[in-house]
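need coordinates for the following:
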Amino acid sequence: MGYWGTLIAVRGDQASVVLQDIGASVRSHEGAVRGDGWRVYDLPDNVLGREPDPLLSLVAASSCPVIATYIADSDYGQVVAATPSGDRWGVWLDRDTAYAFERDHHAMIGMARKAARRRARETIAAFGCPPREAVRHAVNWAAEAGYIVPAGPIGQILRTARRPGLAARLRLPSTRYVLSEDAYFDLLDRLGVPRAPVRDLPRV
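Numbers count the residues shown, from 1 in each chain. Predicted structure coming up:
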C-alpha cells in the first residue's frame, strides 16, 4: 500500500502554531529536513480544501511561500501553493495517472465506459491549472522564495512526474515509475529549495 496524506513545505519556525493546530509533524523522509530553514511536514489527511485555508495561514505566519501536495496511494497528487503576494495555484502531480484512476474508479462502480471517461475528464479539469500554466506560477513561486530556477525541469515533473533529464527517457517504461511523494521532493529540488548539507542532517 502506498502513501496517503498531505506534505507541506514551510520555511522557518514562525508557523509552528499553525502546524500544530492542523496536526502536522516533520516527515520521516531523507528530503524532508532541508537547507535554508525549510522543513517538509506530514499530515495523514487531505487538508488542502479546509476552511480556513491552512496554506494561507502558513504564508501569513511565515511571510514565505508555501507548497503542499495531497498524495493518493503514492500514485498521483494534487499540488497547491501560495505566496505572500497572493498567488495561489494548483496543479495535478501526474495528471495522466490521476485521470486513469478516476476513469477506472467510475467504471468499477458500474458507470458506462464513455461516461466514466467524461466524468474523469471533468474531475481533472475542475482542479488547478494545466501544467504549462502551472510552470509559470512555479517559477514565480521560486522567485518569491529567493530562488531563480529554469522552467524546463519543473515542466517535466508536472507533466509526467518523472525525474528531469535525459536518463528518465532512456529507462525502460517498466522502470520509470516514481512514487508521487518522491516526485514532490523532486519538485522542491527544482524550485530551488535546497537539500540540507549532510552535516546538518539529524543523527539516527
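
where in the chain is the helix or strand with the lowest mean pLDDT?
Least confident helix or strand of the chain, by mean pLDDT, DSSP states H and E, is helix 166-170 with a mean of 50.

start and end of stretch 69-77, how far apart?
For stretch 69-77, the first-to-last residue distance is 6 Å (CA to CA, to the nearest Å).

next one: stretch 33-41
9 Å.

what residues sit buried inside it?
Neighbour-count burial for stretch 33-41, with 16 or more other CB atoms under 10 Å as criterion, is recorded at 33-34, 38-41. For every residue, glycine as well, the C-beta is placed using N, CA and C.

all the strands of this structure, residue numbers only.
Assigned by DSSP state E, the chain shows strands spanning 5-11, 25-26, 38-43, 66-72, 76-82, 88-93.

return the list of strands paired to the fifth one, each annotated with direction.
Same thing as strand 76-82. strand 66-72 (antiparallel), strand 88-93 (antiparallel) (DSSP bridges).

tell me the mean pLDDT for it?
Strand 76-82 carries an average pLDDT of 96.

please shift the residue numbers so they start at 58 in all later answers.
Taking 58 as the first residue, the last one we looked at is strand 133-139.

now it against strand 62-68, angle please.
Orientation check (axes from the mean of the first three to the mean of the last three CA atoms, to 10 degrees): strand 133-139 against strand 62-68 gives 30 degrees.

distance between strand 133-139 and the chain's centre?
4 Å (CA atoms, centre = their mean, to the nearest Å).

which residues are in contact with it?
Strand 133-139 is contacted from outside by 105, 110, 112-113, 115-116, 122-128, 144-152, 154-155, 158, 184-185, 191, 194-195, 198, 215, 218, 237-238, 240-241, 244, using CB atoms under 8 Å, 6 or more residues apart in numbering.

kindly report the same for the third one.
Outside of strand 95-100, the residues that reach it under the criterion CB under 8 Å, 6+ apart are 62-68, 76, 79-86, 88-91, 242, 245, 250-251.

ok, Asp144 - how many residues close by?
13 (other CB atoms under 10 Å).

thought it was touching His194?
Yes: applying CB atoms under 8 Å, one finds Asp144 in contact with His194, separated by 6.2 Å.

what about the chain, any weak spots by pLDDT?
58, 218-234, 255-261 (pLDDT under 70).

if you set the cut-off to 50 instead, what comes out?
For the chain, the stretches flagged by pLDDT under 50 are 224-225, 227-232, 258-261.

and the helices in it?
Using DSSP state H, the helices of the chain run over residues 73-78, 111-119, 152-165, 170-183, 188-202, 208-217, 223-227, 237-247.

got a list of what Gly88 touches?
97, 242, 245-246, 252.

scan those residues and report the most crowded one.
So for the contacts of Gly88 (other CB under 10 Å), the most neighbours sit at Val97, 25 neighbours.

skipping adjacent residues, who's closest to that residue in space?
Using CB to CB, 6 or more residues apart in numbering and skipping the chain neighbours, the partner closest in space to Val97 is Ala89 (4.1 Å).

my read is that that neighbour contacts Ser82, right?
No: the criterion here is CB under 8 Å, and Ala89 misses it with Ser82 at 10.1 Å.

and the two? Which one has more around it.
Shown here are Ala89 and Ser82; by other CB under 10 Å, Ala89 has more neighbours (19 against 11).
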